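Chemist: sequence and predicted structure, then a few things I'm wondering about:
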Amino acid sequence: MDYDLLIRGGTVVSSQDMAKADVAISGGQIVAVGALVGSAREVIDASGMFVMPGGVDTHVHLAQPSRGPEMCDDFGTGSASAAAGGTTTVVCFAWQGKGESLAEVVKDYHQRARQSMVDYAFHLTITDATPAVLDQELPSLVEEGNRSIKVFMTYDGVRLDDAAVIRVLAAARRNKALVCVHAEHHDLISWMGEQLVAAGLTAPKYHPWGKPMIAEREAVNRIVALAEALDVPIQVFHVSGKQSAEEIARAQARGLKVWGETCVHYLTLVAEDLDKPGFEGAKLVFGPPARTKADQEALWDYMRRGIIEVISSDHAPTRYDDPKGKKFAGEDGPFTQIPNGIPGLAARLPVLFTEGVTKGRIDPPTFVRLVSTNPAKLVGLHPKKGAIAPGSDADVVVWDPKKTVTLTNAVMHHGGDYTPYEGYQATGYPIRVLVRGVTVFDDGKVVGKAGHGKYLARAPYEKITPLGRFPTPFNPVDRKIV
Ligand SMILES: [Zn+2]
């Protein structure tokens, strides 16, 4: 036999173009792409199908320990859901609680991740930026391959004030790590929430009123300024609409290494969607919140122009009908106490393909760039991930661009009791999904084995090399004149 596996007759969609080609796989890697002859242990007939690199989802919350509401996906159910939606790599959050050692958190998180069936890497979430964490723990954790740090500018108990954000940015630059940011003006949205609750406006539908776009725009502007002052590459997470995207565009026009991510839910849901009977709107509570149709059109435009270049799920699942989930404060509790976050891992590719490619907003290579190649590049995993090319891992999705599936909670294969996309008609769906040549999803069934997934250590990479450009002749991070 010449190959382990041969995918024949499909249209290979890369980040640049699409063309009919066969794909040969041996030893878990892609070994040849083109018009191939030769024998294989297994041949997949992909005529009429797209053959694409597996999805890379760089914003996925799984198995995070919590003192409050409980996350309903561990790496078992979470990676099954990833596989069921054509995602073969996830980047998850090793999340430091206040007072905790980040090194201990990472050690524990490695244990939790061992049951994954898809490959994974870690962001380091820092909620307590002590000298012990930044100076003693961080250098070796980054060196081990955890080359991204997550900070929150809002949420009680996890947010960093500006002074702490600055210290983290400096530490990231010293250690060659990317900083990913949740940007909203904490004091403004806290105060807004208090006023709404005091006025008796407590239902889930008021959640977007409590987190107006201004609060996000201001924080994006502020984090960009801080990153520019310290010369640190950053990614702004979940850019929810036009005004924040404009801040990203302005930063890029100044030549800064500032990248923006948006999520499928900002392209499909609007604030009014939370206006549902009873407590149902809680199913759509996430922060920053859903915005307007005009914001969605702006995001599509920024995506086509390559300014917003990554689409993630921000999968952050809690159950709906559960006192440890969305009903944490009861159905009469105010929206300010509803846990933020929705499930979205399995829905990401099918919904984006439907809204983007099927409806004619983007072409298939742009789709591949947004969900696979660009996220892989930004976190330092390309070309091992995010490419159909000799030498890349054989993470492959055989995708039927015509297949129609009605999304339900069951087809999400996750641990939760709802999907925000219940009843959504997706056109374009994964038929078969491979992680390093091994099938993890086949014709509607998750067939991957727990533990097949591997941890991906990330080496320093060009994309996050600082520019070497400061506002004055003084480099404040290394305390020297440049
Ligand atoms: Zn998140």
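Modeler: Sure, I can see it. Numbers count the residues shown, from 1 in each chain.

Chemist: separation between Gln195 and Pro323?
Modeler: Counting by C-beta to C-beta, to the nearest Å, the gap from Gln195 to Pro323 is 27 Å. No exception for glycine: its C-beta is placed from N, CA and C like everyone else's.

Chemist: repeat for Arg173
Modeler: When distance is defined by C-beta to C-beta, Arg173 is 43 Å away from Pro323.

Chemist: neighbour count for those two, which is higher?
Modeler: Between Arg173 and Pro323, counted using other C-beta atoms under 10 Å, the more crowded position is Arg173 (21 against 12).

Chemist: ok, the more buried one - contacts?
Modeler: With C-beta atoms under 8 Å, 6 or more residues apart in numbering as the criterion, the residues that contact Arg173 are 230-232, 466, 477.

Chemist: which of these tops the neighbour count?
Modeler: Neighbour counts for the contacts of Arg173, by other C-beta under 10 Å, peak at Val232, which reaches 28 neighbours.

Chemist: please identify which helix or strand holds that one.
Modeler: For Val232, there is no enclosing helix or strand under DSSP states H and E.

Chemist: that one contacts Gly468, doesn't it?
Modeler: No. With contact taken as C-beta atoms under 8 Å, Val232 and Gly468 are classed as non-touching, separated by 11.7 Å.

Chemist: re earlier: closest to Gln115 out of the contacts of Arg173?
Modeler: Proximity to Gln115 was ranked across the contacts of Arg173 by C-beta to C-beta; first place goes to Val232, at 34.2 Å.

Chemist: for the residue nearest the centre of the chain, phi and psi?
Modeler: If you average the C-alpha coordinates of the chain and look for the closest C-alpha using C-alpha atoms, centre = their mean, you land on His59, 2.4 Å from that point. Backbone torsions of His59, given as degrees, to the nearest 10, read phi -150, psi 80.

Chemist: what sits opposite Phe93 in the beta ladder?
Modeler: On the basis of DSSP bridges, Phe93 is bridged to His123.

Chemist: what does the model give it for pLDDT?
Modeler: What the model reports for Phe93 is a pLDDT of 98.

Chemist: what's near enough to touch it?
Modeler: Applying C-beta under 8 Å, 6+ apart to Phe93 gives the contacts 60-61, 64, 122-123, 125, 150.

Chemist: now, of those, which are buried?
Modeler: 60-61, 64, 122-123, 125, 150 (16 or more other C-beta atoms under 10 Å).

Chemist: might you report the residue contacts of Ala290?
Modeler: Contacts of Ala290 were listed using C-beta under 8 Å, 6+ apart, and they are 208, 240, 265-266, 269-271, 273-274, 284.

Chemist: ok, it to Ala271 distance?
Modeler: Using C-beta to C-beta, one gets 5 Å for the distance from Ala290 to Ala271.

Chemist: joint contacts of the two?
Modeler: Between them, Ala290 and Ala271 share these contacting residues under C-beta under 8 Å, 6+ apart: Pro208.

Chemist: relative to Asp393, how far out is the residue lying closest to His110 once chain neighbours are set aside?
Modeler: Counting by C-beta to C-beta, 6 or more residues apart in numbering, Tyr455 is the residue found nearest to His110 once chain neighbours are left out, at 6.8 Å. Distance check for Tyr455 against Asp393: by C-beta to C-beta, it reads 13 Å.

Chemist: same deal with Arg436?
Modeler: Taken as C-beta to C-beta, the spacing of Arg436 relative to Asp393 amounts to 5 Å.

Chemist: likewise for Tyr206?
Modeler: 45 Å.

Chemist: between those two, which has more neighbouring residues?
Modeler: Neighbour tally, Tyr206 and Asp393, criterion other C-beta under 10 Å: the higher count belongs to Asp393, 26 against 22.

Chemist: what pairs with that one across the strands?
Modeler: For Asp393, the beta-bridge partners are Gln29 (DSSP bridges).

Chemist: pull the contacting residues for it.
Modeler: By C-beta under 8 Å, 6+ apart, the contact set of Asp393 is 28-30, 119, 384-385, 435-436.

Chemist: pLDDT score for the closest residue to Pro460 other than its chain neighbours?
Modeler: Of all residues beyond its chain neighbours, the one nearest Pro460 is Lys176 (4.6 Å), with distances taken as C-beta to C-beta, 6+ apart. Turning to Lys176, the model gives it a pLDDT of 98.

Chemist: neighbours of Lys176, how many?
Modeler: If you count neighbours by other C-beta under 10 Å, Lys176 ends up with 18.

Chemist: quick one: it and Ile464 touch, right?
Modeler: Yes. In this structure, Lys176 sits in contact with Ile464. The criterion is C-beta under 8 Å, and the distance is 6.6 Å.

Chemist: common neighbours of those two, please.
Modeler: Arg147.

Chemist: what sits in contact with each of Tyr455 and Asp393?
Modeler: Asp119.

Chemist: which one of the contacts of Arg173 is nearest to Pro401?
Modeler: Val232 (39.9 Å).

Chemist: give the contact list for that closest one.
Modeler: Contact partners of Val232, counting by C-beta under 8 Å, 6+ apart, are 169-170, 172-173, 179, 466.

Chemist: just Ala170 next, same as before
Modeler: For Ala170, the contacting residues are 230, 232, 476-477, by C-beta under 8 Å, 6+ apart.

Chemist: which among those residues gets closest to Pro69?
Modeler: Nearest member of these to Pro69, counting by C-beta to C-beta, is Val232, at 31.9 Å.

Chemist: hang on, the earlier thing: need the overlap of contacts for Arg436 and Asp393.
Modeler: Shared between the contact lists of Arg436 and Asp393 (criterion: C-beta under 8 Å, 6+ apart) are residues 28-29, 119.

Chemist: and those, which is closest to Val236?
Modeler: Top of the list for closeness to Val236, among the shared contacts of Arg436 and Asp393 and by C-beta to C-beta, is Asp119 at 25.0 Å.

Chemist: and the closest one, what are its phi and psi?
Modeler: Asp119 adopts backbone torsions of phi -70, psi 160, taken as degrees, to the nearest 10.

Chemist: same check on Arg291?
Modeler: Here the main-chain torsion angles of Arg291 (degrees, to the nearest 10) amount to phi -110, psi -120.

Chemist: which strand residues bridge it?
Modeler: Using DSSP bridges, the bridge partners assigned to Arg291 are Val270.

Chemist: related to what we said a few turns ago, ok, which pair from the contacts of Ala170 is furthest apart?
Modeler: Taking C-beta to C-beta as the measure, the contacts of Ala170 reach their widest spread between Val232 and Pro476, a distance of 11.2 Å.

Chemist: which strands and helices lie in contact with the longest helix along the chain?
Modeler: As assigned by DSSP state H, the longest helix anywhere in the chain is helix 213-230. Contact analysis of helix 213-230 by 3 or more C-beta pairs under 8 Å, 6 or more residues apart in numbering; DSSP states H and E lists helix 162-175, helix 186-198, strand 234-236, helix 242-253 as its packing neighbours.

Chemist: and with 6 Å instead?
Modeler: Counting by 3 or more C-beta pairs under 6 Å, 6 or more residues apart in numbering; DSSP states H and E, the packing neighbours recorded for helix 213-230 are helix 162-175, helix 242-253.
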